[in-house]
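>>> sharing a sequence plus its predicted fold:
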Amino acid sequence: MHDKSSSSASAPRVRFAPSPTGFLHVGSARTFIFNWLYARHNRGTMVFRLDDTDVERNTDASVQSILEGLRWLGLDWDEEFKQSERLALHRSAAHAIFDRGLAYRDFTPAHAAEGEASSAQGAWLFNPGMRELSRDESDRRAAAGEPFALRYRVPRNEGRIVQFNDAVYGEMAKPSDEIEDFALLRSDGNPTYHLSSCVDDADLRITQIIRGQDHLTNTFKHVLIFEGLNAQPPQFAHLPLLVAPDGAKLSKRKHGSVVSVTTYRDAGFLPEAFINFLCLLGWSPKNDLEFMPISQLTELFTLEGVNRSNAVVNFSEESPFDPKAVHLNGEHLRALSVDDLSARLQPFFDQAGLNASPEKLREVTPLIRERIRLMSEAPAAADFFFLDQLPPYDPAELIPAKGADAAMTLRVLQHAQQILAAVPEWNHDSLDKALREAAATLGLKAGPMFQPIRVAVCGRKNAPPLFETMTVLGREICLDRIQKAEAKMAEI
RNA sequence: GUCCCCGUCGUCUAGCCCGGCCUAGGACACCGCCCUUUCACGGCGAUAACACGGGUUCAAAUCCCGUCGGGGACGCCA
């Protein structure tokens, strides 16, 4: 490629522009991820821009919470901006549009036309009388201190069609007659979202706007603003929405904490698994691949792979997380090295108050990694490795469902205790050998032989493989627990 | 209400643009079998979808029209 367009076809610049009015939710996270993937795939620039023009609703806690969510995802950005620090630019842009005659002052008091029949009778387009105000009268009233909002003078009755080409939805067109005279400046002089967003996108030389489909119809207004700014609009790419099982757009208010990314973090999702899951919602590499590390997602991501229909994120009271996300997490968990997984599991054990030393946890990790799908499940799956005292369990559990009765169970325990006290070496192979021989001696199959021991040692029926478990636990603890089990048997 | 978008297994999706290779592929979930000292992991298999109605065509999931259904946007919120 050495044509003359090489300079204009420079590296793409994309942005993620959250407004700090709540925690980072999964829909926003996906938008961020797609932007990031696009930037990295095309060796472009990722811009983080805080769209904090709504002073009323913005909170610092929200900013922190969004950053916390993004930090967890582990995806970076190259440039950072805050809209609240760029208000002067937005205002002067508004004035420039006004000076070009593309906007007018609207002295109608705020919220004047709210409620009533206005919304029932079709779309509102503009407040009567304001469009036609002469420049002189407009100036006079403004000078007199009468508050006004600045509105875009959308072309009327000119047969004008506003259009743009969306990278996902294709050719979009709408008669300007159907677009309302949206506000650029509020009566307090502050810019609206539409204005700030477009002015910044133009000023920051954003080349692709990748955002939720809920902005699809707003885009016509944005095209008009770019026009008023004398700027070339970026390419738009709208993403299908993430919806709840009830079909409605995911919202913090309606669906609660299940839409917050920190909820996934706290439940023990791996960020790479969460990202993988989100990517599969509304995008596909089209080759049946589903398990993908971030490097591969980056390599495969293109806007052509984005589809157009909304995707359901499944969650319910019983299972708060989409089963596919959980499954994917299990796969990513198992793809980690034991050292890595062990380190990531540590906080979950600490939080559970299990006092797990890194060394011990490192030994336990291989025994549970195929048995958990969320890291939060780990403490419950491995608590008996770290507890001095086994939690109480039903002695009846000691008795196998088939192959041995209570009397035989007691014999198994007693015999095992003798054998285990005498095994020369406390490792997998000698335990295996000794206990299988013991089973033969008692005339039992492996199952009925191992079950009582497993329950005695772990305090439950379902546990990791017996010999590995006993090896990690050590002889002393095993013998002690078997001893206690015998005592329990006596209770029956 | 007005405008816009969408509609393939329960869910995420491939296929649709460039009609035949689709007796519609993959994944999750569910069920069954195998592996196995339990639970898992893994392997194998089963059930399961082109919203509906018209057209165009030798041929339609794929093209056209309509209907219905779902979602979104219509704010001096973002």
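Now that the structure is in, tell me what you want to look at.
>>> what is the end-to-end distance of stretch A:398-408?
One end of stretch A:398-408 sits 11 Å from the other (CA to CA, to the nearest Å).
>>> quick one: residues in contact with it.
A:409, A:412-413, A:442, A:444-445, A:447-449, A:451-452, A:455-456, A:485, A:488-489, A:492 (CB atoms under 8 Å, 6 or more residues apart in numbering). The way it works is simple: take the backbone N, C-alpha and C, and place the C-beta from them, glycine included.
>>> neighbouring contacts of the helix or strand of chain A with the lowest mean pLDDT?
One helix or strand of chain A scores below all others by mean pLDDT, DSSP states H and E: helix A:252-255, with a mean of 82. The contact list for helix A:252-255 (CB under 8 Å, 6+ apart) reads A:G22, A:F23, A:H25, A:A244, A:A248, A:V259, A:S260, A:F315.
>>> so which of the contacts of stretch A:398-408 belong to helices?
A:409, A:412-413, A:442, A:447-449, A:451-452, A:455-456, A:485, A:488-489 (DSSP state H).
>>> any of these buried? List them.
A:T409, A:V412, A:L413, A:P448, A:M449, A:Q451, A:P452, A:V455, A:A456, A:A485, A:K488, A:M489 (16 or more other CB atoms under 10 Å).
>>> can you narrow those residues down to the ones near RNA strand B?
Restricting these to those touching RNA strand B (CB under 7 Å from any atom of the strand) yields A:Q451.
>>> lowest-confidence one in the buried ones among the ones in helices among the contacts of stretch A:398-408?
When those are compared on pLDDT, A:M489 comes out lowest, with 89.
>>> for burial, what's the neighbour tally of the residue nearest to that one when sequence neighbours are not counted?
Nearest residue to A:M489, sequence neighbours excluded (CB to CB, 6 or more residues apart in numbering): A:L410, at 4.8 Å. Other residues within reach of A:L410, judged by other CB atoms under 10 Å, total 20.
>>> A:L410 reaches A:K488, doesn't it?
No: taking contacts as CB atoms under 8 Å, A:L410 lies outside contact range of A:K488: 10.0 Å.
>>> near RNA strand B, which residues of the stretch 51-200 of chain A?
Contact residues (CB under 7 Å from any atom of the strand) of the stretch 51-200 of chain A with RNA strand B: A:51, A:53-54, A:57, A:106, A:108-110, A:112, A:119-124, A:147-149, A:169-170, A:172, A:174, A:178, A:180, A:182-183, A:186-188, A:190, A:192-194.
>>> ok so, going back, select from the contacts of helix A:252-255 the one having the most neighbours.
Ranked by neighbours (other CB under 10 Å), the contacts of helix A:252-255 are led by A:V259, which has 25 neighbours.
>>> quick one: the closest residue to that residue other than its chain neighbours from A:R40, how far?
In space, and not counting its chain neighbours, A:V259 is closest to A:H25: 4.4 Å by CB to CB, 6+ apart. From A:H25 across to A:R40, the span is 23 Å (CB to CB, to the nearest Å).
>>> can you check A:E491 too?
63 Å.
>>> who has more neighbours out of these two?
Legend: neighbour count by other CB under 10 Å for A:E491 and A:R40, higher for A:R40 (18 against 6).
>>> please look at the more buried one and A:L297 and confirm they touch.
No: checked against CB under 8 Å, the pair A:R40 and A:L297 is beyond contact range at 9.3 Å.
>>> quick one: which helix or strand includes A:F34?
Per DSSP states H and E, A:F34 falls inside helix A:26-41.
>>> what about that helix and RNA strand B, touching?
No: on the criterion CB under 7 Å from any atom of the strand, helix A:26-41 is out of touch with RNA strand B, staying 9.8 Å away.
>>> let me see the mean pLDDT of that helix.
98.
>>> now do it: distance to the chain's middle.
Averaging C-alpha positions (CA atoms, centre = their mean, to the nearest Å) puts helix A:26-41 11 Å from its chain's average.
>>> next SSE downstream of it?
Criterion used, DSSP H and E; the element after helix A:26-41 is strand A:45-50.
>>> so where is chain A shaky, pLDDT-wise?
For chain A, residues meeting the criterion pLDDT under 70 lie at A:1-9, A:112-122.
>>> what ranges do the strands span in chain A?
Taking DSSP state E as the test, the strands found in chain A are A:13-16, A:45-50, A:79-82, A:103-106, A:149-152, A:161-166, A:170-175, A:183-185, A:208-212, A:235-239, A:242-243, A:311-312.
>>> any chance of those strands in CSV, with mean neighbour count too?
Below are those laid out as CSV (neighbours: other CB atoms under 10 Å):
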stretch, mean neighbour count
strand A:13-16, 24
strand A:45-50, 21
strand A:79-82, 13
strand A:103-106, 23
strand A:149-152, 24
strand A:161-166, 15
strand A:170-175, 12
strand A:183-185, 24
strand A:208-212, 22
strand A:235-239, 22
strand A:242-243, 22
strand A:311-312, 15
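>>> can you go through the residues of the stretch 51-200 of chain A next to RNA strand B and name the buried ones?
For these, a burial check counting by 16+ other CB under 10 Å picks out A:51, A:53-54, A:106, A:108, A:148-149, A:169, A:172, A:174, A:182-183, A:186-187, A:190, A:192-194.
>>> dump stretch A:239-257 to CSV, keeping only the CA atoms.
Presented in CSV, the C-alpha positions along stretch A:239-257 are these (Å, rounded to 0.1, in the frame of the first residue of the first chain):
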residue,chain,number,x,y,z
LEU,A,239,-24.0,-2.8,18.5
PRO,A,240,-27.1,-5.0,19.2
LEU,A,241,-28.4,-4.6,22.7
LEU,A,242,-27.9,-6.9,25.6
VAL,A,243,-31.3,-7.8,27.0
ALA,A,244,-32.6,-9.5,30.1
PRO,A,245,-34.5,-12.8,29.9
ASP,A,246,-37.7,-10.7,29.9
GLY,A,247,-36.5,-9.1,26.6
ALA,A,248,-36.0,-5.6,28.0
LYS,A,249,-32.8,-3.7,27.7
LEU,A,250,-30.5,-4.6,30.6
SER,A,251,-30.8,-1.8,33.2
LYS,A,252,-29.3,-1.3,36.5
ARG,A,253,-32.5,0.0,37.9
LYS,A,254,-34.7,-2.9,36.7
HIS,A,255,-32.3,-5.8,37.0
GLY,A,256,-30.1,-4.9,39.8
SER,A,257,-26.6,-6.0,40.6
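>>> brilliant, that's me finished.
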